[in-house]
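*Asks:* fold the stuff below for me.
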Amino acid sequence: MENRVKINVPEELQKYMWFRYMPLSTYKTYLVVGATKSQQLKGLEATQKILNTNLEGGEEHPQVVEDKKNILKKIGFKYPETRQDDLDLLLKYKLVELKKDEDGSMYYEYTKPVPRPEDVLNLDDEEKQILQNIKLEVKHQGDLNQILTLLINSNGNMLTTLDHIHNTTKVKHADIKTVLEYLVNEGSVKVKSDKDMKDLRKNDKIYVSIDKEVFEKKRFVIS
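*Replies:* Sure, this is the predicted structure:
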């Protein structure tokens with residue numbers, strides 16, 4: 001941006017996975033709205049800054065752009081082509097709101113508290129599940145990597161216990177069950193045991209195996 005100013009970007013933007021629905025240009029516009037707040041701009045001056053600030057730096061990969069176009073289309077929005085489109089999208093997302101001060105000057109401001117996408121967007125059940133999956137993967141990224149590495153190093157098959165996985169990976173027992181259940185629902189792995197996943201105790205034997213066809217599509221190619 002033209003001048004560097006301090007912008008307090010709400011952490012909920014990442015926490016709620018808003019970036020799935022936000023093109024880079026829309027995010028940059030969101031930052032400029034924050035800049036007008038920091039600079040205490042109001043009325044036409046603030047609006048002109050939002051619409052005319054030169055947003056430099058960074059370009060989204062063409063495939064990312066295409067993916068976001070498809071996501072926006074799925075939830076009933078057009079991919080923004082102008083700065084005004086970006087601003088309109090932020091208003092529709094309820095991430096930004098238009099306010100009037102005591103002098104009657106209009107200005108844009110971050111919505112507080114930040115809403116969750118599932119509360120303000122028209123998400124179908126499939127999209128809600130995708131959103132939950134992304135949140136789980138982000139939260140358990142390290143756990144996933146540890147368990148998948150152990151499984152791959154065991155040639156994609158292992159007869160084991162939760163305690164063995166814990167001792168090898170240092171992943172907590174409860175998180176092991178969460179990750180395994182997620183991978184089973186995804187189809188990447190199969191788990192055989194005498195009990196349901198939620199009832200497994202740390203020394204119960206389980207057989208974990210990779211479903212190679214699904215795993216290669218969802219994760220990465222196994223040589």
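*Asks:* tell me the bridge partners for residue 208.
*Replies:* residue 158, residue 191 (DSSP bridges).
*Asks:* got the buried residues for the helix or strand containing residue 67?
*Replies:* For residue 67, the host element (DSSP states H and E) is helix 62-74. Neighbour counts over helix 62-74 (16 or more other CB atoms under 10 Å) mark 68, 71, 72 as buried. Yep, even glycine has a C-beta here, placed from its N, CA and C like the rest.
*Asks:* ignoring the adjacent residues along the chain, who's closest to the first one?
*Replies:* Nearest non-adjacent residue to residue 68, counting by CB to CB, 6 or more residues apart in numbering: residue 23, 5.4 Å away.
*Asks:* thinking again about what came up before, for the next helix or strand after the helix holding residue 67, packing partners?
*Replies:* Next along the chain after helix 62-74, taking DSSP H and E as the criterion, comes helix 83-92. Here helix 83-92 touches helix 24-38, helix 43-52, strand 96-100, going by 3 or more CB pairs under 8 Å, 6 or more residues apart in numbering; DSSP states H and E.
*Asks:* what's the spacing between helix 83-92 and its chain's center?
*Replies:* 20 Å (CA atoms, centre = their mean, to the nearest Å).
*Asks:* compute the inter-axis angle for it and helix 43-52.
*Replies:* 110 degrees (axes from the mean of the first three to the mean of the last three CA atoms, to 10 degrees).
*Asks:* okay, now residue 21: neighbour count?
*Replies:* 22 (other CB atoms under 10 Å).
*Asks:* do I have it right that it meets residue 117?
*Replies:* Yes: the pair residue 21 and residue 117 qualifies as a contact (CB atoms under 8 Å) at a distance of 6.0 Å.
*Asks:* quickly list what's touching both of these two.
*Replies:* Residues touching both residue 21 and residue 117 (CB atoms under 8 Å, 6 or more residues apart in numbering): residue 93.
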